[in-house]
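S.K.: one predicted model, sequence on top.
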Amino acid sequence: MTPAAPLDAADELAGFAAAFSKPPGVYLDGNSLGLLCHAAEASLREAVEAWRTLAIRGWTEGAEPWFGMARAAAVRLAPLLGCEPADVMVGNSTTVNLHQILATFRGPERPFVVIDGTHFPTDRYAVESNLRLTGGTPDEHLIVVPPEPDRLLDEERLVLEVAEHPCLAVLPSVVYTTGQLLDMKLVTGAVGGTLVAWDCSHSAGVVPHRFRDDGIDLAFGCGYKYLNGGPGAAAWLYVHPRLRDRLPGLAGWFGSAPARQFEMAAAFHPAADAGRFGIGTPHVFSLAPLLGALRVLGDAGIDRIRAKSVAQTRFLLDYGRERLGRFGVGVVTPDDPARRGGHVTFTHPDAAKLSRALRARGVVPDFRPPDMLRFAPAPLYTSFAECQAAVDTLETILSDNAHHELADADDLVT
Ligand SMILES: Cc1ncc(COP(=O)(O)O)c(C=O)c1O
């Protein structure tokens, strides 16, 4: 019996894989782009059909009127985030939602922004442009907290920096490189008076959140990773109810109270809920598949998803160390499940070539510079056998030195 077999035999979520269209091979890139599920395809088709048959009436008629789609998505997303639908706006892109948070909540009382040194680039670009737009400078007002020598962030150090500066901090729930899961409650609660906005792109849909119970101020994230909404899917933004009366920094007519939007008034009448942080016409074809995909996530339940995810990352860490350690493959992802998100990151000086060699053999991980190889099992459609196959394939490549045959590539998306 293979090491993965008993784990697959006991897997309560195994049946969900049939709800997805899986390309051949082993797909471990669901933290970059989740796979298409049949429900997402059906809800996208429904939206196209409404366009074909109802035209403009699609906004208000049909099975899922477009006008209410963002709210319907918020209803399905809220249980994954541990909040009420009224706390969530689904729409825009992740980057635009961060701009919205910065434009709405930073203000003169918070001249500084604290970010971590492991940030995803778009977060820093957005923060720096917001500083420039508001008369600040990145040199003076941006505080970057570096990771420790083991590449992980130290929450205590983040708290100290946040405490020292009147700021809005922008931090990751799960670090996209290392897979480290931060203690959001601890960091948010440690410093009164500051606000922390969490980029939850790498946790939503795979790690359960308790935003309301944990007193989380602000959060935002992608719809196309573990939420499986499809390439460029609508993103989301969460605002704690105690902050919700702020007028949006970036206002637009799709932030209006729905009943008043078509008065076409000069005055902005914001929605009472987080819908006020919407801006323009929703991207219906980027919202529709998300609706179907969220139904599947809801059926599986986020706690069961997390339990399987923790077991899969545990398996990858243990089996990976056992089979790959002798080839100089290291691990940067924390062993403690409470500090681990949904993916495992191995390190090797030839990580870029190893990623390409794996893809050539039908295993899809991804590479992040300078030396990281990310394996992201998606509990809804990845089996333990596939996790094992990925490690076995990597072991074969390393023992045959097959990656040395590859020419150096210019592209970093490997
Ligand atoms: C942590 C994180 N934030 C933001 C983004 C991207 O934002 P957007 O959807 O606006 O491109 C990504 C994309 O991979 C991400 O990993």
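M.R.: Everything's here; your move.
S.K.: near the ligand, which residues of this structure?
M.R.: Selection of the chain residues close to the ligand by CB under 6 Å from any ligand atom yields 93-95, 120, 122-123, 172, 176, 199, 201-202, 222, 235. Just so you know, the C-beta spots here come from the backbone N, C-alpha and C atoms, and that holds for glycine as well.
S.K.: and the furthest pair within those?
M.R.: Farthest apart among the residues of the chain next to the ligand by CB to CB are Ser93 and Pro172. That separation is 17.0 Å.
S.K.: so between these two, which is more surrounded?
M.R.: The neighbour comparison of Ser93 against Pro172 (other CB atoms under 10 Å) goes to Pro172, with 27 against 19.
S.K.: surely the more buried one touches Gly179?
M.R.: No - at 10.5 Å, Pro172 does not count as touching Gly179 under the criterion of CB atoms under 8 Å.
S.K.: now for the two: what residues contact both?
M.R.: In terms of CB atoms under 8 Å, 6 or more residues apart in numbering, Pro172 and Gly179 are both contacted by the residues His202.
S.K.: over to the residue found closest to Tyr319 once you drop the neighbours it is linked to in the chain: give its phi and psi.
M.R.: In space, and not counting its chain neighbours, Tyr319 is closest to Val391: 5.3 Å by CB to CB, 6 or more residues apart in numbering. Main-chain torsions, Val391, degrees, to the nearest 10: phi -70, psi -40.
S.K.: going forward can the numbers begin at 232, since that is how I track them
M.R.: Done: numbering now begins at 232, and the last item shifts to Val622.
S.K.: list the residues that contact Val622.
M.R.: Here Val622 is in contact with Leu547, Tyr550, Gly551, Arg554, Leu555 (CB under 8 Å, 6+ apart).
S.K.: the ligand: which of those residues is nearest?
M.R.: Checking these against the ligand with CB to the nearest ligand atom, the nearest one is Leu547 at 19.6 Å.
S.K.: run a quick neighbour tally on the closest one.
M.R.: By other CB under 10 Å, 25 other residues sit near Leu547.
S.K.: check the one 5 residues further on too.
M.R.: The number of residues packed around Arg552, counting by other CB under 10 Å, is 16.
S.K.: could you pull up the residues touching it?
M.R.: So Arg552 contacts Val562 (CB under 8 Å, 6+ apart).
S.K.: what's the answer for Leu244, then?
M.R.: Taking CB under 8 Å, 6+ apart as the test, what Leu244 contacts is Ala531, Arg535, Ile536, Lys539, Pro610, Leu611.
S.K.: check the residues you listed and tell me the two furthest apart.
M.R.: Every pair of those checked by CB to CB; the farthest is Arg535 and Leu611, at 9.8 Å.
S.K.: looking at those two, which has the bigger crowd around it?
M.R.: Leu611 (28 against 17).
S.K.: so where do the strands sit in this protein?
M.R.: When secondary structure is read from DSSP state E, the chain shows strands at 257-258, 319-321, 343-347, 373-376, 398-403, 426-430, 449-452, 467-470, 561-562, 575-578, 594-595, 597-599, 603-606.
S.K.: helices or strands next to the fourth one in the packing?
M.R.: Looking back up the chat, that one is strand 373-376. Here strand 373-376 touches strand 343-347, helix 352-364, helix 386-395, going by 3 or more CB pairs under 8 Å, 6 or more residues apart in numbering; DSSP states H and E.
S.K.: mean confidence for the first one?
M.R.: This points to strand 343-347. In this model, strand 343-347 has a mean pLDDT of 96.
S.K.: next one: stretch 300-307
M.R.: 98.
S.K.: now stretch 256-270
M.R.: In this model, stretch 256-270 has a mean pLDDT of 97.
S.K.: go on, stretch 542-561?
M.R.: 98.
S.K.: possible to save the contacts of Leu244 as TSV with pLDDT and distance to Val594?
M.R.: Conversion of the contacts of Leu244 to TSV gives the following (pLDDT from 0 to 100; distance: CB to CB, whole Å):
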residue	pLDDT	distance to Val594
Ala531	98	24
Arg535	98	26
Ile536	98	22
Lys539	98	20
Pro610	98	18
Leu611	98	19
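S.K.: now Pro610: how far from the ligand?
M.R.: Pro610 sits 19 Å away from the ligand, taking CB to the nearest ligand atom, to the nearest Å as the criterion.
S.K.: any idea of the mean pLDDT in stretch 487-503?
M.R.: Per-residue scores along stretch 487-503 average to 93.
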